[in-house]
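> sequence and computational prediction follow.
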Amino acid sequence: MKKYLVTLTISVLFLLGSSLVMAHPHFNKVVTVKLPGDVEATITYQTVPSNEDHATKAVAGDFLTPRNPKLKLSKELKAGGVTIPPGEYIIGAIKNGNNDFTMALYPGSIARGEKPDMAKMIKLESVFSSSEGKAPHLLIDISPGSGKMEGRAVLTLHFGSLFLAGALS
């Protein structure tokens with residue numbers, strides 16, 4: 001009986017311990033915001049771990065998108081000199097250089113490994129920073145801008161030490 005309890009206790013501890021070690025949750029998130037002009041903007045994405053190696057190894061001109069996060073707009077949106085039609089877009093960044101990225105939206109979808117048609121890219125007025133702290137998992141939001149983006153709605157993407165804000169108004 002004593003041997004049975006010891007074996008049972010060890011088995012339970014092993015199962016609990018291994019499930020805690022293996023369980024690293026990635027959440028499916030949805031963020032919905034009402035923007036000026038009564039435009040409903042909905043972001044859907046998964047909180048994937050930040051892997052800056054991919055961004056570092058990318059070449060200038062590449063469109064980077066961590067697991068194809070989406071932005072859906074209910075109506076046309078004017079963002080500075082850019083007009084964004086209603087619809088669904090992949091949120092990402094175009095690498096311009098080692099510490100220079102532009103927030104971009106791609107209409108529709110891109111299959112894994114497929115290169116997007118860069119002519120369809122909608123580039124947003126953007127501000128890039130690597131001094132906003134570190135996000136261990138992907139964070140995307142729409143929030144009030146600051147600094148150069150003061151008084152505007154901005155789409156933010158925070159991935160590791162990479163922080164990018166793109167104007168949505």
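All right, it came through fine.

> pLDDT weak spots in the chain?
Where the chain drops to pLDDT under 70, the residues are 1-24.

> just the helices in it please.
Using DSSP state H, the helices of the chain run over 2-22, 52-57.

> the last one packs against which elements?
I take that to be helix 52-57. Under the contact definition 3 or more C-beta pairs under 8 Å, 6 or more residues apart in numbering; DSSP states H and E, helix 52-57 sits against strand 153-160. C-beta here means a position set from N, CA and C on the backbone, and glycine is covered the same way.

> one more time with 10 Å
For helix 52-57, the packing partners by 3 or more C-beta pairs under 10 Å, 6 or more residues apart in numbering; DSSP states H and E come out as strand 87-97, strand 153-160, strand 162-167.

> what's the closest of these to Glu132?
Closest to Glu132 of the helices and strands packed on helix 52-57, according to C-beta to C-beta: strand 162-167, at 3.8 Å.

> give the contact list for the nearest residue to Glu52 once chain neighbours are set aside.
Once its chain neighbours are removed from consideration, Glu52 has its nearest residue in Gly160; the separation is 4.2 Å (C-beta to C-beta, 6 or more residues apart in numbering). The contact partners of Gly160, taken as C-beta atoms under 10 Å, 6 or more residues apart in numbering, are 49-53, 55-56, 66, 130, 133-138.

> same check on Val59?
If a contact means C-beta under 10 Å, 6+ apart, then Val59 has Lys95 as its contacts.

> ok, it to Gly97 distance?
10 Å (C-beta to C-beta, to the nearest Å).

> what does Asp117 give?
Distance from Asp117 to Gly97, by C-beta to C-beta: 22 Å.

> what about these two, which has more around it?
Comparing Asp117 with Gly97 by neighbour count (other C-beta atoms under 10 Å), the higher total belongs to Asp117, at 12 against 8.

> wait, that one sits on Ser109?
No - using C-beta atoms under 10 Å, Asp117 is not in contact with Ser109; the gap is 12.0 Å.

> before we move on, back to that, looking at the helices and strands packed on helix 52-57, which is buried most?
Mean neighbours per residue, mean count of other C-beta atoms under 10 Å, is largest over the helices and strands packed on helix 52-57 for strand 162-167, with a mean of 24.
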